[in-house]
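**Student:** Okay, structure incoming, though there's no sequence with it:
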């Protein structure tokens, strides 16, 4: 790399045009930074949803050591293009919820505070909303370790769609939850927190900042496009293509946010822990479930933009909460081809929420559960495809240096906490051996997966364990 090119690293270019951190992807001139890391810049994306991945009428793929020795189940057809990128696990146990002392709810609905911590709860209650994790979550541990090692981005980006409960996935430490950001507009504004020039005509003038709350009303790209054009003769061809693709994605997100009011989803009042209060999004709430597919896509697209611009290297995204009792999948049709609609409380068990909610569908555990399961698998396919479609600063697909982990809080609609399936994608820089479907030994705790993620991301724990040390170390069968 020539010395003159260093002046036009992404950092300097952003400073020159006064843009926020996520306006541009990493550029070729940032490659030296990436080369300092084994396997390039590594990233971890965790997707979680409730009510299990399977139903009583579906099965998990059989075991196989290469993509040609096993096949995806029909409800996973959306994942077919990514078979060689996948690492499927059958048989993870949420041992923490079974083994911890005390009295309280112990089925899949109570698993959220331990899925990413692997620790016995600080508080285990009969009300899952009152459960408090007993340690940090893997995203917070990895992100904090990266920041402590000199990384300048955010510890973790935590997003959610239609999250009604106060049960949390991400924890800074025991009893310290991290709130998911429910409004895509809030994530978007966070990206463009830098001062945007009011004019680009006078390069010598000190630009004044604009009100970031109005950026969605007038495209942020309008403020900087002329400067980007001026710098076009400096950046390389590959960077030009990468910038163009990135800005096209940003423009599309802006367009969707312009026509959609802020979204938070209804939240319960008066949680037992003040730290569990929902974030204030300060915009009209788009209530109900019809917005879920659009909001999910927006949140995922924003997450990919965050990865591409190195805003964060750890993302946790959740759809629904531990029960999703009011989340009716109105964008899907039932086994008879009729769209789902809210039908009121379930006559057989009002505690399961609406008769057509994800929770009630899961409890029925039949043909309509298979339909919702297929939709969640399609969301895995979407995020994997989006990450794979981004060219990283190393010149390879971003997925090659990343890992996607998709989890649910149980196996089927019966809320079993043993034998839980997990979908992984991406080798995280060659650390994981993909293209396989693994049947894990009975009793395999989720802690081994969490340790493997820490090790793959280059942030091993001092003890070689994660959560409860009694569950041991890394699940080494995942490695290449």
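**Tutor:** Perfect, thanks for sending it. These numbers come from a predicted model, not from an experiment. Residues are numbered from 1 along each chain as shown.
**Student:** end to end, how far does stretch 79-89 reach?
**Tutor:** Terminal residues of stretch 79-89 lie 15 Å apart, using C-alpha to C-alpha, to the nearest Å.
**Student:** just checking, residue 448 touches residue 479?
**Tutor:** No: Residue 448 is beyond contact range of residue 479, at 11.4 Å (criterion: C-beta atoms under 8 Å). Any C-beta I mention is one placed from the backbone N, CA and C, and that applies to glycine too.
**Student:** Those two: which is more packed in?
**Tutor:** Taking neighbours as other C-beta atoms under 10 Å, residue 448 and residue 479 compare with residue 448 leading, 22 against 14.
**Student:** tell me the contacts of that one?
**Tutor:** For residue 448, the contacting residues are 471-475, by C-beta atoms under 8 Å, 6 or more residues apart in numbering.
**Student:** Show me what the top strand by length along the chain is packed against.
**Tutor:** For the chain, the strand that runs over the most residues, judged by DSSP state E, is strand 436-445. The helices and strands touching strand 436-445, judged by 3 or more C-beta pairs under 8 Å, 6 or more residues apart in numbering; DSSP states H and E, are strand 86-93, helix 95-99.
**Student:** Let me know the distance separating residue 79 from residue 85.
**Tutor:** 9 Å (C-beta to C-beta, to the nearest Å).
**Student:** before we move on, what about residue 247?
**Tutor:** 26 Å.
**Student:** again with residue 403
**Tutor:** 10 Å.
**Student:** These two: who's more crowded?
**Tutor:** residue 403 (26 against 22).
**Student:** In what element of secondary structure is that one found?
**Tutor:** Assigned by DSSP states H and E, residue 403 belongs to strand 402-408.
**Student:** so the helix or strand just after that strand versus strand 86-93, what angle?
**Tutor:** Next helix or strand after strand 402-408 toward the C-terminus (DSSP H and E): strand 420-425. Compare the direction of strand 420-425 with that of strand 86-93 by axes from the mean of the first three to the mean of the last three C-alpha atoms, to 10 degrees and you get 160 degrees.
**Student:** Any chance you could list what contacts strand 420-425?
**Tutor:** With C-beta under 8 Å, 6+ apart, strand 420-425 has contacts from 52-54, 60, 79, 82, 85-94, 377, 380, 384, 399, 403-408, 410-411, 432, 434, 446, 449, 478.
**Student:** Please indicate which of the residues you listed are buried?
**Tutor:** 52-54, 60, 79, 82, 85-94, 377, 380, 384, 399, 403-408, 410-411, 432, 434, 446, 449, 478 (16 or more other C-beta atoms under 10 Å).
**Student:** Could I get the contacts of residue 448 in a markdown table, plus columns for neighbour count, secondary structure and distance to residue 341?
**Tutor:** Output for the contacts of residue 448, formatted as a markdown table (neighbours: other C-beta atoms under 10 Å; DSSP: H, G, I helix; E, B strand; the rest coil; distance: C-beta to C-beta, whole Å):
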| residue | neighbour count | secondary structure | distance to residue 341 |
| --- | --- | --- | --- |
| 471 | 22 | helix | 44 |
| 472 | 15 | coil | 48 |
| 473 | 17 | coil | 49 |
| 474 | 22 | coil | 46 |
| 475 | 22 | coil | 42 |
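**Student:** so which of those would you say is closest to residue 118?
**Tutor:** Nearest to residue 118 among the contacts of residue 448 is residue 471, at 6.8 Å by C-beta to C-beta.
**Student:** where's that closest one relative to residue 98, distance?
**Tutor:** 11 Å.
**Student:** Likewise for residue 158?
**Tutor:** Where residue 98 is concerned, residue 158 sits at a distance of 26 Å (C-beta to C-beta).
**Student:** So for those two, which residue has more residues nearby?
**Tutor:** More crowded of residue 158 and residue 98, by other C-beta under 10 Å: residue 158, with 25 against 12.
**Student:** Assess the claim that the more buried one and residue 316 are in contact.
**Tutor:** Yes: assessed by C-beta under 8 Å, residue 158 is found in contact with residue 316 at 4.9 Å.
**Student:** Tell me where the protein has helices.
**Tutor:** Along the chain, counting by DSSP state H, helices occupy 3-6, 10-17, 31-35, 95-99, 112-115, 138-148, 184-191, 221-230, 237-258, 292-308, 358-364, 367-388, 447-456.
**Student:** Packed most tightly, which of the ones you listed would that be?
**Tutor:** Mean neighbour count, computed with mean count of other C-beta atoms under 10 Å, is highest for helix 112-115 among these, reaching a mean of 28.
**Student:** Contacts for that one, please.
**Tutor:** So helix 112-115 is contacted by 48, 94, 96-97, 120-121, 128, 131-134, 167-169, 171, 321-322, 407, 409, 446, 467 (C-beta under 8 Å, 6+ apart).
**Student:** Run the chain-centre distance for that helix.
**Tutor:** 15 Å (C-alpha atoms, centre = their mean, to the nearest Å).
**Student:** ok, the contacts of residue 448 vs residue 301, which is closest?
**Tutor:** residue 475 (30.9 Å).
**Student:** Could I get the contacting residues of the closest one?
**Tutor:** Taking C-beta under 8 Å, 6+ apart, one finds 440, 444, 448-449, 451-452 in contact with residue 475.
**Student:** Please produce JSON lines containing the contacts of residue 448, extended by pLDDT.
**Tutor:** Putting the contacts of residue 448 into JSON lines (pLDDT from 0 to 100) gives the following:
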{"residue": "471", "pLDDT": "97"}
{"residue": "472", "pLDDT": "97"}
{"residue": "473", "pLDDT": "97"}
{"residue": "474", "pLDDT": "98"}
{"residue": "475", "pLDDT": "98"}
